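1. The following block contains a protein sequence and its predicted model.
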Amino acid sequence: MSSDSISITRPDDWHIHLRDTTALQTTVPHTARVFGRAIVMPNLNPPVTSVAEALRYRERILLAVPEGCAFEPLMTLYLTDTLLVKEITKIENEDSILAVKYYPAGATTNSDNGVTDIENVYPIIAKMEELGIPLLIHGEVTDTEIDIFDRERIFIESILEPLLGKYPALKIVFEHITTQDAVEFVKSQSDNVAATITIHHLLYNRNDFLAGGVRPHFYCLPILKRRIHQQALISAALSGSPKFFLGTDSAPHSKSTKETDCGCAGIYSAPAAIELYTEFFDNHGALDKLEAFASFYGADFYQLPRNKDKVSLIKSTWIMPENFMLDDSVVVPIREGQTIAWQINKD
């Protein structure tokens, strides 16, 4: 299917980092301009570990939503070794708090408070399985002896498979998958297991990051993998399987913290996320698959109503700005200073 325009049900972003305080003045408008809802990650510093903290964070986000945007942030709690079961039971009565996020300690940005041993949180997970609360998983082991390109595969074998063996009814979203191993694992599981796929892992592989020199703005975690894994993600996104849906993992860092001797992991894609997903599906002759991937499958998995209104895009090129303000610095977005083939139709 090919066209110069497309109208789809308003999409949702099922995995995003908005940061906090003044950064919200940049990140929230970039997301709210097109997405109806977004699941907001809790890895602030300090992390969001209680229902009360999540609700306060949500209020700060809502204050940054531009007038005229009906954007709904969906909140998460940060799973730690010391998180109390009573906080999980509170989620059941809060429609705006949707899930709990699992970070292995040290896996990515602000994850030092993450889980040190999965068995430490079995009581929490048991309660989540009982209540039907999804566990959102950053699926990498953090053992420094394990090659960084193998950490997702080893996580599946050592953590995820035993976890589902013990809690087979647990709802799991395997976040920002990056490998053929993850695709095959998700496909092999029952309907309570799904995965998000980022636009940057669909468009790029480790050559874009490393060939001819290190490009710090392509550094993300999980790290970009080799082409064979990228192809597996592409096939999954185009497959029409409801197990795979949109999650940008848009994660802004200031230019100075990216372009340094120990740069932060994260790619800021929110300013052009749906445009780039549209470009991706168009380039693969699959525009007819975009709406379900972006607007239906995630909502269905979380048992939420699909959005009612529409978003229109036209095939018309524009140039991504080289940077945006972020706090008292700037953030460099995905495809900065380069052409993007699709844009929102504002008429």
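-> Structure received. Residues are numbered from 1 along each chain as shown.
2. and the next element down the chain from the host helix or strand of residue 73?
-> Secondary structure assignment for residue 73, by DSSP states H and E: strand 72-78. Downstream of strand 72-78, the next assigned helix or strand under DSSP H and E is helix 85-91.
3. And that following helix, how far out from the chain middle?
-> 24 Å (Cα atoms, centre = their mean, to the nearest Å).
4. could you give me the average pLDDT of that helix?
-> Helix 85-91 shows a mean pLDDT of 95.
5. So which residues make contact with it?
-> 49, 50, 51, 77, 97, 100, 123, 124, 127, 128, 131, 133 (Cβ atoms under 8 Å, 6 or more residues apart in numbering). The way it works is simple: take the backbone N, C-alpha and C, and place the C-beta from them, glycine included.
6. rewinding a little: describe which strands the strand holding residue 73 pairs with in its sheet and in which direction.
-> Sheet pairing for strand 72-78, assigned by DSSP bridges, gives strand 37-40 (parallel), strand 97-102 (parallel).
7. Tell me the pLDDT of residue 1.
-> Residue 1 is given a pLDDT of 63.
8. what does the one 5 residues further on give?
-> At residue 6, the pLDDT value in this model is 98.
9. That one: what secondary structure?
-> Of the three states, residue 6 takes strand under DSSP: H, G, I helix; E, B strand; the rest coil.
10. which residues does it contact?
-> 278, 287, 290, 312, 313.
11. and what of residue 255?
-> 323, 329, 330, 331, 332.
12. just to revisit the earlier point, output the strand holding residue 73 as PDB, nothing but the C-alphas.
-> Provided in PDB are the C-alpha atoms of strand 72-78 (Å, rounded to 0.1, in the frame of the first residue of the first chain):
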ATOM      1  CA  GLU A  72      -3.300  11.700  29.200                       C
ATOM      2  CA  PRO A  73      -0.100  10.600  31.000                       C
ATOM      3  CA  LEU A  74      -0.300   7.000  32.300                       C
ATOM      4  CA  MET A  75       1.900   6.500  35.200                       C
ATOM      5  CA  THR A  76       4.200   3.700  36.500                       C
ATOM      6  CA  LEU A  77       5.900   2.800  39.700                       C
ATOM      7  CA  TYR A  78       9.600   1.900  39.900                       C
END
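13. I'd assumed residue 35 was in contact with residue 71.
-> Yes - here residue 71 lies in contact with residue 35, judged by Cβ atoms under 8 Å, at a distance of 6.9 Å.
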